[in-house]
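Peer 1: Using only what follows, build the 3D model:
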Amino acid sequence: MAKFIEFNVVGNASSYLNTKHLINASLITEIKQTAAQTLEVVLNALPSGKDTITLTASTSSSAQANPTNSTGAPLGDAVKSAMTANPGGIKASAQLGKDQAATPLQMYWSDIAWA
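Peer 2: Numbering: from 1, shown residues only. Here you go, the predicted structure:
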């Protein structure tokens, strides 16, 4: 299993967020897709308790454009695939595929927020 999951954020209004973000995979306790474009990653960040990282997906690499994902949880699946990638190494990337629109569009991570 990878020790870190990488999220490459692009197209964010803040140039400081447009970079690669690493999350310690051993702290992840829950991955849940809450909307077509939103993924929550819950961490067990002791001793302070649980922290949540919210990631937003887009179908544009330069602006926010919500993807069409009506079935399944493809954002969560991308993270789970990165966590279970073989062979396990230090870092694996959570790369998104295409959305479920009639004419599928490539998805990108466009935002990341910690709470």
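Peer 1: Please pull out the lowest mean pLDDT helix or strand from the protein.
Peer 2: Within the chain, judged by mean pLDDT, DSSP states H and E, the helix or strand with the poorest mean is strand 91-93; its value is a mean of 88.
Peer 1: How far does the following helix or strand past that strand sit from its chain's centre?
Peer 2: Scanning forward in sequence from strand 91-93 by DSSP states H and E, the next helix or strand is strand 108-114. With CA atoms, centre = their mean, to the nearest Å as the basis, strand 108-114 stands 7 Å off its chain's centre.
Peer 1: So Ala78 belongs to a helix, correct?
Peer 2: Yes - secondary structure of Ala78 (DSSP: H, G, I helix; E, B strand; the rest coil): part of a helix.
Peer 1: What pLDDT is listed against the residue found closest to it once you drop the neighbours it is linked to in the chain?
Peer 2: Here the nearest residue to Ala78 in space, its sequence neighbours aside, is Ala94; by CB to CB, 6 or more residues apart in numbering that works out to 4.7 Å. C-betas here are computed from N, CA, C, even on glycine. Note on Ala94: pLDDT of 93.
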